[in-house]
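> Below are the sequence and a predicted model; questions follow.
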Amino acid sequence: MKKDTLFTISERTGFSISTVSRVLSGKGKKYRISQKTIDYIKEVARSCNYTPNLIAQSLRTRKTNTIGLAIPNIDNPFFATMSGVIINHLKKKGYNVLLSDTMESESNENQVIGSFVSRNVDAIIVVPVGSSSSYLESVAETVPVVLIDRYFENTKLPYVCTDNYIGSYMAAEYLIDKGYRNILAIQGVQSSMPNKERVRGFRRAVADHESEGVRETIIGDSFSVDNGYTQAMAALSLEGTRPDAIFAFSTTILLGVIKAVRDLGLKIPDDVAIISFDNNRFLDFLNPSITRIEQPVNLVGKLVVDCITQLIDGDDEDPSTPLQTLLRPTLIEGKSC
């Protein structure tokens, strides 16, 4: 079947070629075209078997309609979910996505970012793994760069992240309010911003209840199942000083903790309470269901894509989406505490 042109779709819909072009290039909202009109033009285009000439568009606009997305560990359920959400939002905007796993390595990240730039991506979304923003800030002079999940202090780079300090404070205070007094926190990558903020929030909550005899211990060095298992096994095997509650800093750490508890023949929450950072649907199907801090992943995905769109279109002078955003997490109550 012959593919219809913008001119043909314009004739069939009754809208101008410029309006049709703006809708099919994902810029309908920017030009304040109504959602009803956008949906109608897209429906007609689909029925006409219309496919845009991406090469011609790229030559004309100097855009590739491609976004680079760099994450530190695709095996981590949190980053897998976040990647899916972001890709879905970008697809709706008409963008293709180059996804790469940096494996928590700064050198890998630099290579990945360099590859994105050489492929002329329109923008880069990255979960940074390094300790300095200097390289990413230099890249941002050439192509828009937006950080997600992690950010740097005093950076000018835009970011969309969860307020990890508040989330960790909420988790610790929840355990304290439930009567737990010897709380073990098992942390992830110690140099990462989310981990630092979770440690800070946890310690602040404990300090605020110091007069109530609350004790805290923080151990661990990786957002991994093995780290959760090893640290929980060691701590729970100590008679007399065994923690009465464990705060896992991620879902992957949580899984290791649960296995350790069961291997030791202990019960949740009778012998030890558990709370976790991050949410996943399967946590409601565990016995008992897990109390956890939920990050607003869907909102993070939407806002980061809105931010990227603004930067690509040059609308960052008066943005409708703040270019540096911390979002408040939510506590979901299970039966593990």
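Now that the structure is in, tell me what you want to look at.

> now the strands: where do they sit in the protein?
With strands called from DSSP state E, the chain shows them at 66-71, 96-101, 123-126, 145-148, 159-162, 182-186, 215-219, 245-248, 273-277, 291-294, 324-327, 330-332.

> Mean neighbour count, the ones you listed: which tops it?
Of all the strands of the chain, strand 245-248 has the most neighbours on average by mean count of other CB atoms under 10 Å, namely a mean of 28. Where C-beta positions appear, they are placed from N, C-alpha and C, glycine not excepted.

> that older thread, a markdown table for the strands of the chain, including distance to K259 and mean pLDDT?
Formatted as a markdown table, the strands of the chain follow (distance: least, CB to CB, whole Å; pLDDT from 0 to 100):
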| stretch | distance to K259 | mean pLDDT |
| --- | --- | --- |
| strand 66-71 | 25 | 97 |
| strand 96-101 | 25 | 96 |
| strand 123-126 | 32 | 97 |
| strand 145-148 | 30 | 97 |
| strand 159-162 | 26 | 96 |
| strand 182-186 | 13 | 98 |
| strand 215-219 | 17 | 96 |
| strand 245-248 | 12 | 98 |
| strand 273-277 | 12 | 98 |
| strand 291-294 | 17 | 98 |
| strand 324-327 | 31 | 94 |
| strand 330-332 | 22 | 98 |
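
> Mind putting those strands into a markdown table with distance to G228?
Formatted as a markdown table, the strands of the chain follow (distance: least, CB to CB, whole Å):
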| stretch | distance to G228 |
| --- | --- |
| strand 66-71 | 20 |
| strand 96-101 | 21 |
| strand 123-126 | 26 |
| strand 145-148 | 24 |
| strand 159-162 | 20 |
| strand 182-186 | 6 |
| strand 215-219 | 11 |
| strand 245-248 | 6 |
| strand 273-277 | 10 |
| strand 291-294 | 14 |
| strand 324-327 | 25 |
| strand 330-332 | 19 |
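
> Mind checking these for the one nearest to V206?
When the strands of the chain are compared by CB to CB, strand 215-219 sits nearest V206, at 4.4 Å.

> The closest one pairs with which strands, and in what direction?
Note on strand 215-219: by DSSP bridges, its sheet partners are strand 182-186 (parallel).

> Compute the number of surrounding residues for N154.
Neighbour count of N154, defined by other CB atoms under 10 Å: 5.

> Distance check, it against S133.
As judged by CB to CB, to the nearest Å, N154 and S133 stand 8 Å apart.

> Not counting its neighbours along the chain, what's nearest T241?
Nearest residue to T241 in three dimensions, chain neighbours excluded: N182, at 7.6 Å (CB to CB, 6 or more residues apart in numbering).

> Same question for S105.
S105 sits nearest to V129 (CB to CB, 6+ apart), 6.6 Å away.

> what does F79 give?
Excluding its sequence neighbours, the residue lying closest to F79 (CB to CB, 6+ apart) is I71, at 4.6 Å.

> For beta bridges, what are the partners of that neighbour?
D101.

> Repeat that for I124.
With DSSP bridges as the criterion, I124 is bridged to G68, V145.

> what about it, distance to P288?
When CB to CB is the yardstick, I124 and P288 sit 41 Å from each other.

> all helices of the stretch 101-250 of the chain, in order?
106-118, 134-139, 164-177, 193-208, 225-236 (DSSP state H, counting those that start in this stretch).

> Those helices into TSV, with extra columns for distance to K267, mean pLDDT and mean neighbour count?
Shown next, in TSV, are these (distance: least, CB to CB, whole Å; pLDDT from 0 to 100; neighbours: other CB atoms under 10 Å):
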stretch	distance to K267	mean pLDDT	mean neighbour count
helix 106-118	41	92	16
helix 134-139	46	91	15
helix 164-177	17	98	22
helix 193-208	24	96	20
helix 225-236	12	98	20
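
> which one of those lies closest to G94?
G94 sits nearest to helix 106-118 of all these, at 18.3 Å, using CB to CB.

> And the helices of the stretch 101-250 of the chain: which comes nearest R22?
Counting by CB to CB, and looking across all of these, nearest comes helix 106-118 at 26.9 Å.
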